[in-house]
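**Student:** Pasting a predicted model and its sequence here:
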Amino acid sequence: MKQKRFRIPFIALLLVGLPLLGVFLAGAPLARYLEFPPVTRYVKHAPFSWPFFIGTAVFIIGAVGPLLIRVLRHRVAPIAPGFNGSRSIASVAINARDATARLSSPKSDASDAPAPSPLTPHAFPWWGWLGLGITSLAWVLAWNRFPWLGNLQSHTFTPLWIGYILVINALAFKRTGHCMMLGRPPYFLSLFLLSAAFWWFFEYLNRFVQNWYYVGASEFTATEYFWYATLPFSTVLPAVLSTRDWLATCHRLSAGLDHWWSMQVRQPTLVGWLVLVLAGVGLMGIGVWPDYLYPLLWVSPLLIITSLQAVSGEETVFSCISRGDWRPIWLPAFAALVCGLFWELWNYRSLAHWEYAVPFVHRFQIFEMPLLGYAGYLPFGLECVVIAGLLSSRGEPMELRA
């Protein structure tokens, strides 16, 4: 069945307008939420609370723990006699690719998947070594204060991630002979433009909760701030999706999730409308009750988009669960967490960096990020896949394609 497409401008209007509508109805001044550069800090965050910390930790463990246990306990099937290593690696990669591709086929089933064919692993490409060199050099420059570097000291974040993107694509290519960068170059390049707009949206949402802020942002004019920020923002989607594609070639990281618990929704349209209303109300409230609703910054946009897809009769990123395949959920979330660790690591000692102010749970920091804050990367990974699929010319999430 051909997928229906709903209007993207309507989604954008909904996601941008709901938080403003919430603070408008609450009588708050709208100007402070539209300030640019965003330098005024007007949200007074609640102090650390052990009950909130423990409750949040239990919820996160309850949500992620079963999947993690499933992966750790599941053993990879032994290699049959006469089946060489290159064939096994290739089969694993193709199986992972097929699981991701099922998102674009509403009627697909495990029995419809083509039989895997062998591929020969490739040597690590030269451009992967180039990326490793770029990242290594940029890391040294970012964490030191060389007088000769001057104003360029504040612009090391973009080359760090350009190098990372090259390296992670090279790792996927080495394992399977395929990578997003070479397989779909026009789409890959378009992700940089899409990524900049994508992350600016989250910067906008952060104005309502102020969970992070940039040190030294007040020193820039509006034009300077826009361009200096847009360049690193453009690397977010290529980094997360490339990491997802590489993780998909490592079968052990998602073993057992391809045939697990099958969750059926009997009335998807009704559930979709219910989720849409709840997520919309939650997004309206983030500026009114930022201390309590700030997690919805990461969750509500995902739920709003997928619920609109559900009520329109489309496949969503969660449709794979009805087939018992949790890999298209697990891999993007895992990929965003991997990227998140590098984001926080490279941010830690950079001259231009961000800091956090997270209510109730701001303790046990790993770099600048409090421990439980890393959970936000999990739904963020799904949002990366949903947005990339929503605006793809094929109307589908990125696949591992040659």
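**Tutor:** On my side now, so go ahead. Numbers count the residues shown, from 1 in each chain.
**Student:** Tell me the helix or strand right after the lowest-mean-pLDDT helix or strand in the chain.
**Tutor:** Across the helices and strands of the chain, mean pLDDT, DSSP states H and E gives its lowest value to helix 85-101, namely a mean of 40. Going down the chain from helix 85-101, the next helix or strand is helix 126-143, by DSSP states H and E.
**Student:** which residues are contacting that following helix?
**Tutor:** 149, 152-153, 156-157, 159-160, 162-167, 169-171, 173-174, 346, 349-351 (C-beta atoms under 8 Å, 6 or more residues apart in numbering). C-betas here are computed from N, CA, C, even on glycine.
**Student:** Of the residues you listed, which count as buried by neighbour count?
**Tutor:** Using 16 or more other C-beta atoms under 10 Å as the burial test, the contacts of helix 126-143 include 153, 156-157, 159-160, 162-167, 169-171, 173-174, 346, 350-351 as buried.
**Student:** got the contact list for Ser154?
**Tutor:** By C-beta under 8 Å, 6+ apart, the neighbours of Ser154 are 216, 228, 351-352.
**Student:** mind pulling up the phi and psi values for it?
**Tutor:** phi -90, psi 0 (degrees, to the nearest 10).
**Student:** Mind pulling up the pLDDT for it?
**Tutor:** Note for Ser154: predicted pLDDT of 87.
**Student:** Only alpha carbons, please: show the one helix or strand Gly62 maps to as PDB.
**Tutor:** Here Gly62 sits within helix 50-73, counting by DSSP H and E. Coordinates of each C-alpha in helix 50-73 appear next as PDB, following Å, rounded to 0.1, in the frame of the first residue of the first chain:
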ATOM      1  CA  TRP A  50      17.000  12.200  45.700                       C
ATOM      2  CA  PRO A  51      13.400  11.000  45.200                       C
ATOM      3  CA  PHE A  52      13.300  12.500  41.700                       C
ATOM      4  CA  PHE A  53      16.700  11.100  40.900                       C
ATOM      5  CA  ILE A  54      15.800   7.600  42.100                       C
ATOM      6  CA  GLY A  55      12.400   7.700  40.400                       C
ATOM      7  CA  THR A  56      13.900   8.900  37.100                       C
ATOM      8  CA  ALA A  57      16.700   6.300  37.300                       C
ATOM      9  CA  VAL A  58      14.200   3.500  37.900                       C
ATOM     10  CA  PHE A  59      12.100   4.600  34.900                       C
ATOM     11  CA  ILE A  60      15.100   4.700  32.600                       C
ATOM     12  CA  ILE A  61      16.300   1.300  33.800                       C
ATOM     13  CA  GLY A  62      12.800  -0.200  33.400                       C
ATOM     14  CA  ALA A  63      12.600   1.100  29.800                       C
ATOM     15  CA  VAL A  64      16.100   0.200  28.600                       C
ATOM     16  CA  GLY A  65      17.000  -2.700  30.900                       C
ATOM     17  CA  PRO A  66      15.000  -5.400  29.200                       C
ATOM     18  CA  LEU A  67      16.400  -4.700  25.800                       C
ATOM     19  CA  LEU A  68      20.000  -4.600  27.100                       C
ATOM     20  CA  ILE A  69      19.500  -7.900  29.000                       C
ATOM     21  CA  ARG A  70      18.100  -9.400  25.800                       C
ATOM     22  CA  VAL A  71      21.200  -8.400  23.900                       C
ATOM     23  CA  LEU A  72      23.600  -9.500  26.500                       C
ATOM     24  CA  ARG A  73      22.000 -12.900  27.000                       C
END
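**Student:** By neighbour count, which bits of that helix are buried? Give me those.
**Tutor:** Neighbour-count burial for helix 50-73 [16+ other C-beta under 10 Å]: 52-53, 56, 64, 67, 70-71.
**Student:** Next step: the contacts of Ser154 restricted to helices.
**Tutor:** Tyr228 (DSSP state H).
**Student:** Out of the contacts of Ser154, which end up buried?
**Tutor:** Neighbour counting with 16+ other C-beta under 10 Å marks 228, 351-352 as buried within the contacts of Ser154.
**Student:** Just give me the closest of these to Leu13.
**Tutor:** Tyr228 (27.8 Å; C-beta to C-beta).
**Student:** Could you report the pLDDT at that closest one?
**Tutor:** 93.
**Student:** from what I can see it touches Thr221, true?
**Tutor:** No - counting by C-beta atoms under 8 Å, Tyr228 does not reach Thr221; the two are 10.1 Å apart.
**Student:** before we move on, the earlier item: make JSON lines from the buried ones among the contacts of Ser154 and add distance to Cys339 to it.
**Tutor:** Converted to JSON lines, those look like this (distance: C-beta to C-beta, whole Å):
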{"residue": "Tyr228", "distance to Cys339": "21"}
{"residue": "Leu351", "distance to Cys339": "21"}
{"residue": "Ala352", "distance to Cys339": "19"}
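**Student:** And the helices in the protein, which stretches?
**Tutor:** 8-25, 50-73, 85-101, 126-143, 157-176, 180-183, 185-209, 222-233, 236-248, 268-285, 290-293, 296-311, 327-348, 377-390.
**Student:** tell me the angle of the longest one relative to helix 222-233?
**Tutor:** Computed by axes from the mean of the first three to the mean of the last three C-alpha atoms, to 10 degrees, the angle separating helix 185-209 from helix 222-233 equals 120 degrees.
**Student:** Which other helices and strands does helix 185-209 contact?
**Tutor:** helix 8-25, helix 180-183, helix 222-233, helix 236-248, helix 290-293, helix 296-311, helix 377-390 (3 or more C-beta pairs under 8 Å, 6 or more residues apart in numbering; DSSP states H and E).
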